[in-house]
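**Student:** sharing a model prediction with you, sequence too.
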Protein chains: 2
Amino acid sequence: MDLKSLKINRKRLQESLDEMAKIGATPGGGVQRLTLSDEDKQARDLFVKWLKELGCEVTIDEMGNIFGKRAGRNNDLPPVLSGSHIDSQPKGGRFDGILGVMGPLEVLRTLHENNVETERPITIVDWTNEEGSRFAPAMVSSGVWAGVLDRDWAYSRTDINGKRFGDELERIGYKGKIPAKKRPLHCYYEYHIEQGPILEKEGITIGAPKGILCLHWYDVYLEGEANQVGPTPMEGRHDALCAAAEMILKVNQLPDRMGGNMVATVGEIQNYPNSRNIIPDKVHFTVDIRSWDDDLALKAWELLRKDFEEIASGRGCPIKIEETWRVEHSPFDKTLVQRILDTSSQLGYSSLRMVSGAGHDASYMNQITPTAMIFIPSIGGRSHVEVENSTWADCEAGANVLLHCILKSANEI
Amino acid sequence: MDLKSLKINRKRLQESLDEMAKIGATPGGGVQRLTLSDEDKQARDLFVKWLKELGCEVTIDEMGNIFGKRAGRNNDLPPVLSGSHIDSQPKGGRFDGILGVMGPLEVLRTLHENNVETERPITIVDWTNEEGSRFAPAMVSSGVWAGVLDRDWAYSRTDINGKRFGDELERIGYKGKIPAKKRPLHCYYEYHIEQGPILEKEGITIGAPKGILCLHWYDVYLEGEANQVGPTPMEGRHDALCAAAEMILKVNQLPDRMGGNMVATVGEIQNYPNSRNIIPDKVHFTVDIRSWDDDLALKAWELLRKDFEEIASGRGCPIKIEETWRVEHSPFDKTLVQRILDTSSQLGYSSLRMVSGAGHDASYMNQITPTAMIFIPSIGGRSHVEVENSTWADCEAGANVLLHCILKSANEI
């Protein structure tokens, strides 16, 4: 057959996604499939069943990562790997993660029913705990597999109820025996929803991120002076929440001040004693800065830190700043990114070279093998919410691009 | 004897306060004596023991309010009532409340050892749950006694662990049989620390508040749009926390804008989903406005509300505002306030007519009988914290003023 005309089966892809969306379905139309929960187990079981029906060799490693391998002509060659994650945010959406697992599954099904052989084996992966919302941090199991994070440290992570990652992995029956250790790969593709508004706004079907933005996390702690609000005049107050409010607005104005090309956000705040008639004396908040330009992000932070110190001193609220996490921007493999753009255009889909603002398992894979991602539009740019959505036409388009990119890579010798 | 030269015993007052401060003492030098806790019971038992040693007639009503009555020459005359509360804030101070119970106790001891008779009976009261920090709202039992709040509603209030006020009252053995219902009073004096910095700053010993400020409470709810921070450009964001930050600063600037004579505070904020990499989509915060001038407070609120609506609309964050509570300013009895000032001056203490920014059990008493309060300086203006402090000389001065005010009122026929 003419491989160029090969297409995935949209109806079958949709049915698989619909079937998965039933597991942990929420009343608001999303899914809640927290990592290592009963719902995660149920979805894993279904995924493994589907892999076996295709004749894939299924292995589970000691981090619970599930690999499904379709043999190639030459199984000594390192495989093409493609995957994402089955777990979701609490009250998350029906596409984040699972699209990147059902997408390559549909690719294998398409190859299978058309009796298409490839030179290299093709492996699908479900990475355990990408979200990090039950057990922090995110992307922990691809991190262990890539050799960046430590397995026993990952096992010891606890959820809000004090349950250990390692125990929960065992409880759901997915603590495998095979070491979670990187093995030679030919390349890695991750298919994912954009989780931002750009593709939809530009009317583009396929996004090919040139890489992942740098990420700077800071934790800011302010001290004020608690007093009863009624008897304490405005003058002489040391209100930690007012200091935080000024700082939050500085963070919000930062990208504009730096001329764009970055985002800066305060997502989390804790206020103490958090009582309506007591002046706040302790505030903690987070700062998240992302940019393609590492230097710009650092310069921005230096400006911001000066602002913070001035505000803190002006309000008599001592400040402590922790530089919690810094990851440099991570450029994907140029050849693979170009392949995604070319393949899109050959298939008649519009495409855009862009950036990924969010981290993905692809970040760790990018450290050990040529890596790229395929994005499709998120309706309204929404994700991590129940209303997260993408059109079936776009899901189909992304899977077709994935199919032909995998085919090309799997036939490279 | 010459009543005019009568003085309380500072050492004995200090010893009683020290004894009480041991019950629920915190490592930071404060006390934690939450209402209806074991510590509350222990302090009540000690108070009742001391009342009985003085020959007072002790009664406990169905709200757990403890009354200790020292007979007068004519017990058909309504008594002079003086008291405050034994309970404390979590990690509260050694003076708030208890000073207003140990103060009149010291007055009775002084009268007792000097064989001073009065025309009217004198009653001391410990009002249950003034703080409202374990069971909301505050001042609940003086409210029930004054006929403003409902007993069974108060019984049904629950703490953070779901325990009911009524059950806990019974558990510690202080659910009395006598109805918690107002009876004729001649007048009410409450002796209390200032809980603000004014007396200390002005170098004044005795404060005589002309009344309690008006109090307006608002609850503000903002909606934004939750999105992953990385892939979501700054433009087009609907960040509910940024909207709240702008509003918090408007609240902070309000008193200055209105020309002073008021305080305005945001003490409490909740942010959702409160995750460092998700744009906040729900924020709730409180606004507390207090002034002696009810109209000024209302005008200020109208301005603020307009600001809030503009900010909300500018950021595309729908706003909902609840007007949670409004209490008009409450002027105390002019004769009694003047008596406190005159008595201070006769005793050689400096004094100041001021206002009370905080609510007290005196607020409810003021609705049913001539009422006034005696304030002494709070060091650094601090209260509701472990470092809350006042000098023993000031504690003595306040108790002497209380002694002579009570004497005058108790001898009025």
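**Tutor:** Everything's here; your move. Residues are numbered from 1 along each chain as shown, chains lettered A, B, ... in the order given.

**Student:** quick check: domain ranges of chain A?
**Tutor:** Split into domains by automatic domain parsing, chain A comes to A:3-212+A:330-410, A:214-327.

**Student:** now distance to B:Arg94, mean neighbour count and mean pLDDT too, for the ones you listed, in TSV please.
**Tutor:** Bear in mind the C-beta positions are built from the backbone N, C-alpha and C, glycine included. Below are the domains of chain A laid out as TSV (distance: least, CB to CB, whole Å; neighbours: other CB atoms under 10 Å in any protein chain shown; pLDDT from 0 to 100):
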stretch	distance to B:Arg94	mean neighbour count	mean pLDDT
domain A:3-212+A:330-410	36	21	97
domain A:214-327	16	20	96
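
**Student:** closest one to B:Leu407 among those domains?
**Tutor:** Closest of the domains of chain A to B:Leu407 is domain A:214-327, at 28.3 Å (criterion: CB to CB).

**Student:** quick check, the residue in the stretch 301-413 of chain A closest to chain B?
**Tutor:** Of the stretch 301-413 of chain A, the residue with the smallest distance to chain B, taken as CB to the nearest CB, is A:Gly357 at 2.9 Å.

**Student:** compute the distance between that residue and B:Asn274, please.
**Tutor:** For A:Gly357, the distance to B:Asn274 equals 20 Å [CB to CB, to the nearest Å].

**Student:** isn't the residue of the stretch 301-413 of chain A closest to chain B right up against A:Leu213?
**Tutor:** Yes: using CB atoms under 8 Å, A:Gly357 is in contact with A:Leu213, at 5.3 Å.

**Student:** any common contacting residues for the two?
**Tutor:** Counting by CB atoms under 8 Å, 6 or more residues apart in numbering or on different chains, the contacts common to A:Gly357 and A:Leu213 are A:290, B:230.

**Student:** quick check: phi and psi on the spatially most central residue of chain A?
**Tutor:** Nearest residue to the geometric centre of chain A (CA atoms, centre = their mean): A:His360, 3.6 Å. Backbone torsions of A:His360, given as degrees, to the nearest 10, read phi -140, psi 170.

**Student:** can you tell me how far the residue nearest to it when sequence neighbours are not counted sits from A:Asp126?
**Tutor:** Closest residue to A:His360 apart from its sequence neighbours, by CB to CB, 6 or more residues apart in numbering or on different chains: A:Glu190 at 5.8 Å. Going from A:Glu190 to A:Asp126 by CB to CB gives 12 Å.

**Student:** A:Cys187 now?
**Tutor:** Using CB to CB, we find A:Cys187 at a distance of 18 Å from A:Asp126.

**Student:** same question for A:Phe135.
**Tutor:** A:Phe135 sits 16 Å away from A:Asp126, taking CB to CB as the criterion.

**Student:** helices of chain A, start to end?
**Tutor:** Along chain A, counting by DSSP state H, helices occupy A:10-21, A:38-53, A:99-113, A:140-145, A:151-155, A:165-171, A:198-202, A:240-257, A:294-314, A:334-347, A:361-365, A:392-410.

**Student:** circling back to that earlier point, make a markdown table from the domains of chain A and add distance to B:Ala146 to it.
**Tutor:** As requested, the domains of chain A are exported to a markdown table (distance: least, CB to CB, whole Å):
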| stretch | distance to B:Ala146 |
| --- | --- |
| domain A:3-212+A:330-410 | 44 |
| domain A:214-327 | 20 |
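
**Student:** out of these, nearest to B:Phe375?
**Tutor:** Each of these has some distance to B:Phe375 by CB to CB; the shortest is domain A:214-327, at 9.1 Å.

**Student:** what's the first-to-last distance across that closest one?
**Tutor:** With CA to CA, to the nearest Å as the measure, domain A:214-327 spans 5 Å from end to end.

**Student:** next one: stretch A:122-134
**Tutor:** 30 Å.

**Student:** how far off centre is that stretch?
**Tutor:** Relative to the mean C-alpha coordinate of its chain, stretch A:122-134 is positioned 9 Å out (CA atoms, centre = their mean, to the nearest Å).

**Student:** A:Arg382 is nearest to which of the helices of chain A?
**Tutor:** Of the helices of chain A, nearest to A:Arg382 by CB to CB is helix A:198-202, at 10.0 Å.

**Student:** any part of the closest one near chain B?
**Tutor:** Yes: applying CB under 8 Å from any CB of the partner chain, one finds helix A:198-202 touching chain B at A:Ile198.

**Student:** returning to that earlier point: beta partners of the residue nearest to A:His360?
**Tutor:** Bridge pairing for A:Glu190 (DSSP bridges) gives the partners A:Met373.

**Student:** does it touch A:Met373 like I think?
**Tutor:** Yes: A:Glu190 lies in contact with A:Met373 (CB under 8 Å); the separation is 4.8 Å.

**Student:** what residues are shared contacts of those two?
**Tutor:** With CB under 8 Å, 6+ apart as the test, A:Glu190 and A:Met373 both reach A:360, A:362.

**Student:** show me what contacts the nearest residue to A:Lys52 once chain neighbours are set aside?
**Tutor:** Closest residue in space to A:Lys52, ignoring its immediate chain neighbours: A:Val58 at 6.1 Å, by CB to CB, 6+ apart. Contacts for A:Val58 (CB under 8 Å, 6+ apart) come out as A:48, A:51-52, A:66-69.

**Student:** can you give me the distance of A:Val58 to chain B?
**Tutor:** Distance, A:Val58 to chain B, using CB to the nearest CB, to the nearest Å: 31 Å.

**Student:** if that residue is in a bridge, with which residues?
**Tutor:** Assigned bridge partners for A:Val58, using DSSP bridges, are A:Gly68.

**Student:** chain neighbours aside, what residue packs nearest to the residue of chain A most remote from its centre?
**Tutor:** Taking CA atoms, centre = their mean, the residue of chain A most remote from its mean C-alpha position is A:Pro231, at 49.1 Å. Leaving aside its sequence neighbours, A:Pro231 sits nearest to B:Gly196 (CB to CB, 6+ apart; 2.9 Å).
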